[in-house]
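Asks: sequence and predicted structure, then a few things I'm wondering about:
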Amino acid sequence: MNSLFYRRCWVEVDGRALRHNFNLLHRLVPRSTQVMAIVKANGYGHGLVAVGRELQAIGANWLGVANVAEGAALREAGVRLPILLLSATLPEEMEEVVHETLTLTVSSWNEGKALDRIARLLRKKAEVHFKIDTGMGRLGCWHPRAREELSRLRQLPGLAVKGLYTHFASADDDPGFTRTQWKAVSPLFAENSDLLCHAANSPAVTRRYGFHANLVRLGLALYGVPIDRRDGALGLRPALTWKSRVSFIHEVDAGRTVSYGATYRLRKAERHAVVAIGYGDGYFRLHSNIGHMLVRGHRCPIRGRVTMDQVILDVTHVPGCRVGDEVVAIGQQRGGEITAGELAVEAKTIPWEILTNIGARVPRAYHHFRSKQAA
Ligand SMILES: Cc1ncc(COP(=O)(O)O)c(C=O)c1O
């Protein structure tokens with residue numbers, strides 16, 4: 001790895017943590033249950049191709065992506081696992097879907113019919129999972145109609161229905177709603193035991209609902225990020241650390257102001273460190289004046305507004321702090337820790353958005369990976 005890489009702002013991903021989380025989560029479901037690792041949105045910010053290849057090496061049975069481009073990038077990198085496209089596919093994408101042997105999500109007979117026509121023109125049979133809407137209200141056939149639509153879909157010669165699934169809308173905070181969703185789909189799952197049936201996402205597995213059918217689709221928990229404090233005792237290990245460096249240090253007198261909008265005025269003199277990370281890297285502006293980063297293990301408050309490329313920290317209480325010091329925006333440092341969950345609370349969002357928002361200009365470094373990674 002080029003040492004230039006570590007000069008400014010980067011992400012490190014720990015393959016040992018991914019393996020630990022995979023094994024831990026696998027133990028929460030029956031041995032025979034398959035695992036689909038969800039790697040969409042650049043592998044939840046961890047890096048699509050690197051993480052996809054690693055999860056293949058670790059033992060995932062399937063990968064789940066959002067769209068054809070993500071699936072094609074995995075195929076190009078040599079991933080041979082079956083890959084499910086979790087979003088709807090446009091007719092003009094069908095040729096590539098078939099070429100890359102990706103599995104489609106189909107939500108209705110009408111949608112299936114259009115895709116079947118193209119598959120037949122290409123003289124191919126496309127594998128599909130039929131999605132059933134049990135309360136998510138996004139993709140899927142509304143469940144009372146699902147049995148009939150499924151039997152019609154199974155007659156289309158260009159499509160091979162290989163799976164059935166639904167998606168839980170509130171597994172993290174509404175067990176009653178989740179149970180209702182499960183009840184709406186489980187008879188159809190039972191009638192179609194020749195198909196791969198799946199429903200559970202991370203919270204459904206970590207909260208141990210037991211709704212695993214024969215495959216679970218795991219995203220956030222696989223990356224070691226607890227959804228909230230209830231997941232804390234599980235022992236998941238965050239795989240991602242987001243780092244930067246101190247690029248400038250100066251003493252600032254009482255009465256002076258900091259950053260755009262002059263939203264922070266010093267009551268007493270402070271020592272400030274300018275850090276090479278900003279909203280241009282995907283670090284939310286909402287952390288302005290409330291967030292913290294770790295320097296030499298100390299929690300340092302952000303002063304003033306987060307700017308595009310730089311953040312200002314108060315390092316008055318950090319002995320020996322100097323230019324070049326490593327700064328941690330997410331992760332651990334000398335006993336201190338800042339979690340994606342903590343950032344999510346500050347930014348009034350969810351940990352999924354904190355991770356997937358880490359930008360393309362932030363290089364990712366992979367440590368302790370079994371699969372070979374391009375530098
Ligand atoms: C259809 C589907 N299944 C599974 C997942 C994984 O969810 P989680 O990250 O909660 O495990 C997602 C994530 O958005 C999804 O859209």
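Replies: Alright, I've got the coordinates.
Asks: so which bits of this protein are right by the ligand?
Replies: Within the chain, the positions adjacent to the ligand are 38, 86, 167, 201, 202, 203, 217, 218, 219, 220, 221 by C-beta under 6 Å from any ligand atom. Yep, even glycine has a C-beta here, placed from its N, CA and C like the rest.
Asks: need those residues in JSON lines (columns: distance to residue 356, secondary structure and pLDDT).
Replies: Converted to JSON lines, those look like this (distance: C-beta to C-beta, whole Å; DSSP: H, G, I helix; E, B strand; the rest coil; pLDDT from 0 to 100):
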{"residue": "38", "distance to residue 356": "11", "secondary structure": "strand", "pLDDT": "98"}
{"residue": "86", "distance to residue 356": "14", "secondary structure": "coil", "pLDDT": "98"}
{"residue": "167", "distance to residue 356": "17", "secondary structure": "coil", "pLDDT": "98"}
{"residue": "201", "distance to residue 356": "15", "secondary structure": "coil", "pLDDT": "98"}
{"residue": "202", "distance to residue 356": "14", "secondary structure": "helix", "pLDDT": "97"}
{"residue": "203", "distance to residue 356": "17", "secondary structure": "helix", "pLDDT": "96"}
{"residue": "217", "distance to residue 356": "16", "secondary structure": "strand", "pLDDT": "98"}
{"residue": "218", "distance to residue 356": "16", "secondary structure": "strand", "pLDDT": "98"}
{"residue": "219", "distance to residue 356": "10", "secondary structure": "coil", "pLDDT": "98"}
{"residue": "220", "distance to residue 356": "10", "secondary structure": "helix", "pLDDT": "98"}
{"residue": "221", "distance to residue 356": "15", "secondary structure": "helix", "pLDDT": "97"}
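Asks: any chance of those in CSV, plus neighbour count?
Replies: Listed next are those as CSV, based on neighbours: other C-beta atoms under 10 Å:
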residue, neighbour count
38, 26
86, 20
167, 23
201, 22
202, 25
203, 22
217, 24
218, 26
219, 21
220, 24
221, 25
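Asks: closest to residue 179 out of those residues?
Replies: residue 203 (13.3 Å; C-beta to C-beta).
Asks: show me what contacts that closest one?
Replies: Contacts for residue 203 (C-beta atoms under 8 Å, 6 or more residues apart in numbering) come out as 168, 171, 172, 221, 227.
Asks: so what's the third one closest to, chain neighbours aside?
Replies: With C-beta to C-beta, 6 or more residues apart in numbering as the measure, residue 203 is the residue that lies nearest to residue 172, at 4.0 Å, once sequence neighbours are left out.
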